[in-house]
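Undergrad: when you get a sec, could you give me coordinates for this:
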Amino acid sequence: MDTLVQSCPIFTPKSPVKLGVDKQSAFRSLALSKQRSCNVKLRAVSRSSHDGSSSVEDVRKDSLLLGAEKDESGSIVGFRVVPQPGDTKVSNSHENISNDKEVIVDEDLTEKRPTKVTFNIVFATSEASPYSKTGGLGDVCGSLPIALAARGHRVMVVTPRYLCGGPSDKKFAGAVDLDCRIKVSCSGGIHEVAFFHEYRAGVDWVFVDHPSFHRPGNPYGDTYGAFGDNQQFRFTLLSHAACEAPLVLPLGGFTYGEKCLFLANDWHAGLVPVLLAAKYRPYGVYKDARSIVVIHNLAHQGVEPASTYSNFGLPPEWHGALGWIFPTWARTHALDTGEAVNVLKGAIVTADRILTVSQGYSWEITTPEGGNGLDELLSSRKAVLNGITNGIDVNEWNPSLDEYIPSHYSLDDLSGKIECKIALQRELGLPVRPDCPLIGFIGRLDYQKGIDIILSGTPDLLQDDVQFIMLGSGEKQYEDWMRATEAAFKDKFRGWVGFNVPISHRITAGCDILLMPSRFEPCGLNQLYAMRYGTVPVVHGTGGLGDTVKTFNPFADEGKGEGTGWAFKPLTRESMLDALWVAIETYRKHKSSWAGLMKRGMERDYSWDNAAVQYEQVFKWTFIDPPYVT
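TA: Predicted structure coming up:
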């Protein structure tokens, strides 16, 4: 593990000219490319001399841009800076839109007082709902930007424009081509990338367009498995494009400019902090920007053989930032040296701060059990590591408005929940028994979700007078087990293989108990949905599950009780069944306690606005220290 953190080079330009858009220096446009692209040749006005005159130097000098590649027009490939007013209509947004402090002028125009700091925020992500989604990452990057924009920040989301030739392509119908092209040097060639844009809910949704994102399947693969060029090409393009977008896109008439705060989500956007440090800051660009890497699932890190480093389009000297050595036990054969490159490791090394999607998970990833080989590196950065629990879309998940459930209900009138339970039993062909405890599971059928624990405990559970419904897809062995269990327990068990959004809402509303025995869960959303719908969660007390589900204590608060469910440990068949049986007995014999559990769950604040306030605090901390430069 002593090889986790490797030294990174210090780049020292030979010329004293300092690039950047500020009061004393400005970029000038020399020419636009012939193809209406956003490529510009750059000039820099140096700081004024003692006699008040200014000298102009061409930043294309070989002494400054060391071996920079140029296209056929002579423009520097992959290095874009917005020209100033006078050359084009584009101007720098952080001087025009979002200064560090806004000013309120009183009626007499004599007093000025500062208000809260606002930021130019750029989300880089492989998914953003409703445009693309395979899990919690899409939910976060589809909702959190809207909450931040509503609080006064200028927010851009940069994500791929996935086209698969099916009905889902209509999700991008509102996006227009910005007629702006950039060229990215990576994977042994120069690739042209386009940008599409939609302004919705106060957010600039920017879609990176390239043929590699136009494939049948989901964002990461098809029926044959994951796409082989995900790490080395497709999401490398995304990271480069996310760094260029604030500089070249005149959204609403103004670019976001250089003083941005980048949120790089998971390994897919993990090159963003590295690019800021290795490609831009050595030339004075993004010197006032900051970056945060947001870890949604540490199990996926973007690891490839060390020989593929050149595909990232980074300077050779920066190999150490991504360099990674597999432990001996993880190597494929005796001659395997274990040398690799790890995109998420590079992001953790170079980002200004690190966030996870729950407080519990921020601690777990610093342990050998939860760190997936990065625990020592993450422990070394504990000072800048925080966890913020995700919110949920309280409009989509609202039992008083939900379009997918047969009867609406609220905290003040829960009668509709019983009707939802009866309708669910009828829909799935179970005996209609309103008083029978109904347990639900919604999720992937894989090892992480603890399906093997459910499999081992279900025969004993179904000996009791209960009903159990499972919805999900994943490993074939678990799908086959669900079908076989349904055949053996026709009056007690139903297994829906696949995923269906309306059914997931009806299970959440109709069940009494939601089971989530996940081995690890960075945050988890289903337990939040369940509590909002008055369904009591029984979960393994890990990560975000342990943070959000407080175990019921009937003797607290002068006998009124506290807690919103049951969080059991350790993750064993016996612990899971014990927690379920306590929940079942409470449901059957202690109706007032059960009503209290439902009420406390439904009263919680699940909104993204609550999480956005915590994000703002981390944003302020991010700008306290200088950015990563070496």
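
Undergrad: please make it C-alpha for all contacts and neighbour counts, starting now.
TA: Will do.

Undergrad: then the longest helix anywhere in the chain to PDB, C-alphas only?
TA: In the chain, with assignment by DSSP state H, the single longest helix is helix 573-589. Presented in PDB, the C-alpha positions along helix 573-589 are these (Å, rounded to 0.1, in the frame of the first residue of the first chain):
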ATOM      1  CA  ARG A 573     -29.100 -14.800   8.100                       C
ATOM      2  CA  GLU A 574     -29.800 -14.900  11.900                       C
ATOM      3  CA  SER A 575     -29.500 -11.200  12.400                       C
ATOM      4  CA  MET A 576     -31.800 -10.400   9.500                       C
ATOM      5  CA  LEU A 577     -34.500 -12.900  10.600                       C
ATOM      6  CA  ASP A 578     -34.300 -11.700  14.200                       C
ATOM      7  CA  ALA A 579     -34.900  -8.000  13.100                       C
ATOM      8  CA  LEU A 580     -37.700  -9.100  10.800                       C
ATOM      9  CA  TRP A 581     -39.500 -11.100  13.500                       C
ATOM     10  CA  VAL A 582     -39.300  -8.200  15.900                       C
ATOM     11  CA  ALA A 583     -40.800  -5.900  13.300                       C
ATOM     12  CA  ILE A 584     -43.500  -8.400  12.400                       C
ATOM     13  CA  GLU A 585     -44.500  -8.800  16.100                       C
ATOM     14  CA  THR A 586     -44.500  -5.100  16.600                       C
ATOM     15  CA  TYR A 587     -46.800  -4.700  13.600                       C
ATOM     16  CA  ARG A 588     -49.200  -7.400  14.900                       C
ATOM     17  CA  LYS A 589     -49.300  -6.700  18.600                       C
END
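
Undergrad: helices or strands up against it?
TA: Applying 3 or more C-alpha pairs under 8 Å, 6 or more residues apart in numbering; DSSP states H and E, we find helix 573-589 packed against helix 451-461, strand 536-540, strand 566-568, helix 591-603.

Undergrad: low-confidence regions, this protein specifically.
TA: Along the chain, the model assigns pLDDT under 70 to residues 1-115, 559, 630.

Undergrad: same thing but 50
TA: Across the chain, the ranges flagged by pLDDT under 50 are 1-37, 39-115.

Undergrad: domain parsing of it, as residue ranges.
TA: When the chain is parsed with the TED database, its domains come out as 120-391+613-624, 414-605.

Undergrad: same list (those domains) but as CSV, adding distance to Leu401.
TA: As requested, the domains of the chain are arranged in CSV below (distance: least, C-alpha to C-alpha, whole Å):
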stretch, distance to Leu401
domain 120-391+613-624, 18
domain 414-605, 11
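
Undergrad: which of the ones you listed sits closest to Ser400?
TA: Closest to Ser400 of the domains of the chain, according to C-alpha to C-alpha: domain 414-605, at 9.2 Å.

Undergrad: distance from the closest one to the middle of the chain?
TA: 26 Å (C-alpha atoms, centre = their mean, to the nearest Å).

Undergrad: just list the residues touching Met482, thanks.
TA: Neighbouring residues of Met482 by C-alpha atoms under 8 Å, 6 or more residues apart in numbering: Met470, Arg494, Gly495, Trp496, Val497.

Undergrad: secondary structure added to the residues you listed, as a markdown table?
TA: Shown next, in a markdown table, are those (DSSP: H, G, I helix; E, B strand; the rest coil):
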| residue | secondary structure |
| --- | --- |
| Met470 | strand |
| Arg494 | strand |
| Gly495 | strand |
| Trp496 | strand |
| Val497 | strand |
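
Undergrad: ok, which pair from those residues is furthest apart?
TA: Checking those with C-alpha to C-alpha, the most distant pair is Arg494 and Val497, at 9.7 Å.

Undergrad: and those two? which has more neighbours close in?
TA: A count of neighbours by other C-alpha atoms under 10 Å puts Arg494 above the other of Arg494 and Val497, at 23 against 18.

Undergrad: between the contacts of Met482, which sits nearest Val158?
TA: Val158 has its nearest neighbour among the contacts of Met482 in Val497, at 33.2 Å by C-alpha to C-alpha.

Undergrad: in the sheet, who's paired with the closest one?
TA: With DSSP bridges as the criterion, Val497 is bridged to Gly472.

Undergrad: where's it relative to Glu479, distance?
TA: 6 Å (C-alpha to C-alpha, to the nearest Å).

Undergrad: please apply the same query to Gly165.
TA: Distance, Gly165 to Glu479, by C-alpha to C-alpha: 28 Å.

Undergrad: show me the contacts for Pro516.
TA: One thing to correct before we go on: residue 516 is Met, not Pro. Applying C-alpha under 8 Å, 6+ apart to Met516 gives the contacts Phe441, Lys449, Gly450, Gln527, Pro537, Val538, Val539, His540.

Undergrad: please repeat the previous calculation with a cut-off of 7 Å.
TA: Going by C-alpha atoms under 7 Å, 6 or more residues apart in numbering, Met516 touches Phe441, Val538, Val539, His540.

Undergrad: shared neighbours of Val497 and Glu479, anything?
TA: If you check Val497 and Glu479 against C-alpha under 7 Å, 6+ apart, the residues they both contact are Ser473.

Undergrad: contacts made by stretch 599-613 with the rest, please.
TA: If you take C-alpha under 7 Å, 6+ apart as the criterion, stretch 599-613 is touched by 144, 147-148, 388-394, 411, 531-534, 564.

Undergrad: now it: buried residues?
TA: Lys599, Arg600, Gly601, Met602, Tyr606, Ser607, Trp608, Asp609, Ala611, Ala612 (16 or more other C-alpha atoms under 10 Å).

Undergrad: name the nearest residue to the fourth one, ignoring sequence neighbours.
TA: With C-alpha to C-alpha, 6 or more residues apart in numbering as the criterion, Met602 has its nearest non-adjacent residue at 4.5 Å, and that residue is Arg532.

Undergrad: ranges for the helices of the stretch 151-300 of the chain?
TA: 235-248, 271-275 (DSSP state H, counting those that start in this stretch).

Undergrad: got CSV for the ones you listed, with distance to Leu335 and mean neighbour count too?
TA: Output for the helices of the stretch 151-300 of the chain, formatted as CSV (distance: least, C-alpha to C-alpha, whole Å; neighbours: other C-alpha atoms under 10 Å):
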stretch, distance to Leu335, mean neighbour count
helix 235-248, 30, 26
helix 271-275, 30, 28
